[in-house]
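Asks: sequence and predicted structure, then a few things I'm wondering about:
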Amino acid sequence: MNSSVVCCDRGSSAISRLSIPPVCASIAGYLLRYSSRRTQDESNHRLDRPSGSGHSVQMDGPPDHGGENLGPRPMEMLLMGLGGCSSFDVMNILKKGRQDVTACHTELEAERADAVPSVFTKIHLHFVVTGHNLKEKQVQRAVSLSAEKYCSASIMLENAGVEITHSHEIREAD
């Protein structure tokens, strides 16, 4: 599974779609948690954001805005952080609940405001939870706990006025 992003244009209310594969989802939630500095290449819009844990990721912009399209956009990173944080929670909650979960793939759809700043106004997270004999009630509980109690990214965005919704499906592992 590869991550895919569709339409995250600045200044557009178009829907952004972001799909985070299981392995990346666990990493993305912590990648920028403690950003300590920002550097900008003088010739373009590439940004390198090291985190407190010593990791960094390169972000870039589209060529029509001076970038080289060499990395995800900052707003895409925001969605990746949200998806990663939530997926990490769902996986951990299910494992602690003695569920035989093998993966949690998160698909996000977001809408942005037409006016600048073109902030996210709505985000929908769809969890595809894979495992052996997973119980519907426990998966629903894990998604709810992540949204309402544990996912700092989700709670922060909701407190900022973003409408966040969730859905899930369960797949039996091979």
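Replies: Structure received.
Asks: can you check which helix is longest in the protein?
Replies: In the chain, with assignment by DSSP state H, the single longest helix is helix 74-96.
Asks: what pairs with the helix or strand just after that helix, parallel or antiparallel?
Replies: For helix 74-96, the following helix or strand on the C-terminal side (DSSP states H and E) is strand 100-112. Looking at strand 100-112 with DSSP bridges, its partner strands are strand 15-20 (antiparallel), strand 120-132 (antiparallel).
Asks: returning to that earlier point: how far out from the middle of the chain is the longest helix of the chain?
Replies: Mean C-alpha position of helix 74-96 versus that of the full chain (CA atoms, centre = their mean, to the nearest Å) differs by 6 Å.
Asks: which other helices and strands contact it?
Replies: Packing contacts for helix 74-96, counted by 3 or more CB pairs under 8 Å, 6 or more residues apart in numbering; DSSP states H and E, involve strand 15-20, helix 22-31, strand 100-112, strand 120-132, helix 136-145, helix 152-159. Backbone N, C-alpha and C define where each C-beta goes, glycine included.
Asks: how much does it deviate in direction from strand 120-132?
Replies: 30 degrees (axes from the mean of the first three to the mean of the last three CA atoms, to 10 degrees).
Asks: now helix 74-96 against helix 136-145, angle please.
Replies: Using the same axes, to 10 degrees: helix 74-96 against helix 136-145 is 140 degrees.
Asks: on that earlier part again, same list (the helices and strands packed on helix 74-96) but as JSON lines, adding distance to M80.
Replies: Putting the helices and strands packed on helix 74-96 into JSON lines (distance: least, CB to CB, whole Å) gives the following:
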{"stretch": "strand 15-20", "distance to M80": "6"}
{"stretch": "helix 22-31", "distance to M80": "4"}
{"stretch": "strand 100-112", "distance to M80": "8"}
{"stretch": "strand 120-132", "distance to M80": "12"}
{"stretch": "helix 136-145", "distance to M80": "18"}
{"stretch": "helix 152-159", "distance to M80": "10"}
